[in-house]
Each structure stands twice: as structure tokens, then as C-alpha cells.
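K.L.:
need coordinates for the following:
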Amino acid sequence: MRISRRSILGGLAATLLSFRTGGLNKLSPWREDLVDCALLDLCSHCVLRESLKGYRAALTDDHHLVEYFPESTSRYRFVIVPGIGSMDAALAQTLSNLLNAGTHLLLESGAGFLSPADFAVHQRFLLRYFGVSVLPPLDLWSGKSVDHTFLPVGYGYSGKQLTSHESIPYVTYNWPDEIRVRDFSRVIPVSPKDGDVIGRVGAVPVALKKRMASGTLIFLGSPLGPALRSGDPEARTWLRLVATL
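P.N.:
Sure, this is the predicted structure:
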């Protein structure tokens, strides 16, 4: 059954970045086309607007922004979803459908800034639709919060507590290359059983990738967008490498 764009996205807006081999072309919404890279603005579902601005700034240096969402005849090679917070079934299914269609999806969680109730919903949808298990956020700069966070077996510390000297303000990515990106916010621990860990804070996994249907999910439990907005060269290098795979 074909579902309309309106019913799928529920009125969500999108900003799409398109570029193709052989030059830049404005995407036509009336024909089937391949969008090489898309930046999705989830409006109220994006809880980190500065993260969206960071991705936009990093990606538009050499590329043309298209300010509308094309019809469903378009296909996507790579989609970036910055700062996703609240989630519902329609949104989760739409993103899942992208993976089923062969899209590589970078899903950046902004759940560290949600209320406990909204975080619990976010947590359930991640597990149900993407098979990603996450724990409540860790505050990298709050010694009390980190010192009193107990991580269960399988989340990097074998059931031990984090201590303040282990709470360093860097995320170390080991894919697609080893790069360290400074982080001053909250991170969401992920279970290494759910995919290939590609980023850690200390020994705690906060980013992973996994094959899903015909696509690849890249999940970031540590927001990269704010570092991109500040012009962090390591963050921009990492994004460039991922977006051109």
C-alpha cells in the first residue's frame, strides 16, 4: 500500500542536500531520482536545533540546499537525522522504511535532553524499530551524575560505576577512521551487542553501526552537530568520511 508523504511524515519539514557525480543539480520532485545526501529537519521532533545548524553548515560549504521535501519517487543514498528526540510510530516507521529501501541512515540521538518520560518512549522506539538498546544519559561534566551512574554488564564497564577521572570530554571514533571529537554535553550509552561499536567515551560505547535490510544504520548517542557548528575540524573530517562512503 502506498502511503502519502503527508501521512508518513505527519507534517514534518525537511531540508535536503543533493549532489551527484558529475555536478550539482536541483532535484525535481516530479521524477524518480537519487538524492546522494539528505539532511532531515524533524522540526518539533528535533530537540537540538544547534545540531541541525551544525550539519547544515558543514555540508553546505560545497553543496546546494534544496528547501523542500521531494515526492516519494525519490530515493536516498544517505540520510542524516540530527538531534532526534521525541518519536512516534509514523516517524520511526518512515526512518525504518528508508533502511529497507537501501538508505544509509545516520541517526543522531538528542535524547540526553528529554524528560525521563520522553526518554523512555525514545528508548522503546529505538529498540522496537532499530534494535538498538540504550541507557539513560550520562552527563560528561557532572561528577556527581557520572560517579553515581551504574552501567550493567555489556555496556563497557562490566557492571562497574564510572568514576570522574574516566569521564573524559572526548568521543573516540574508530570508524571509518580513528578520530577524537570533543563533547561537552550528555551521551547515551549503547549496547555493543546490537551492532559494531564505532565510538566510545572512555570504555563506554556511545555510537554503533549495523546492517539493516539493504541499508546501514549509524547511531550516534553523542551529538556531533554542536561540534560541527563550532567548526571543530575533527568532527567535520569524520562527517565527510562517513558521508562519502
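K.L.:
okay, buried residues for the helix ranked longest in the chain please.
P.N.:
Secondary structure of the chain read by DSSP state H shows that its longest helix is helix 116-130. For helix 116-130, the neighbour count (16 or more other C-beta atoms under 10 Å) marks Phe119, Val121, His122, Gln123, Phe125, Leu126, Tyr129, Phe130 as buried. Any C-beta I mention is one placed from the backbone N, CA and C, and that applies to glycine too.
K.L.:
distance of the last one from Ser74?
P.N.:
Counting by C-beta to C-beta, to the nearest Å, the separation of Phe130 from Ser74 is 22 Å.
K.L.:
could you do Thr103 as well?
P.N.:
Distance of Thr103 to Ser74, given as C-beta to C-beta: 11 Å.
K.L.:
more neighbours, these two?
P.N.:
Neighbour count, other C-beta atoms under 10 Å: between Thr103 and Ser74, Thr103 has more, with 22 against 18.
K.L.:
my guess is the more buried one contacts Arg77. True?
P.N.:
Yes - judged on C-beta atoms under 8 Å, Thr103 makes contact with Arg77 at a distance of 6.7 Å.
K.L.:
mind checking which helix or strand Lys209 is in?
P.N.:
strand 204-212 (DSSP states H and E).
K.L.:
what comes up buried for that strand?
P.N.:
Neighbour-count burial for strand 204-212, counted by 16+ other C-beta under 10 Å, picks out Val204, Pro205, Val206, Ala207, Leu208, Lys209, Lys210, Met212.
K.L.:
can you pull the contacts of the third one?
P.N.:
For Val206, the contacting residues are Val171, Val187, Ile188, Pro189, Val190, Gly199, Arg200, Leu220, Gly221, Ser222, by C-beta atoms under 8 Å, 6 or more residues apart in numbering.
K.L.:
any idea how far it is from Val242?
P.N.:
Separation of Val206 from Val242 (C-beta to C-beta): 15 Å.
K.L.:
got it, and the fifth one?
P.N.:
Remark: distance between Leu208 and Val242 (C-beta to C-beta) = 13 Å.
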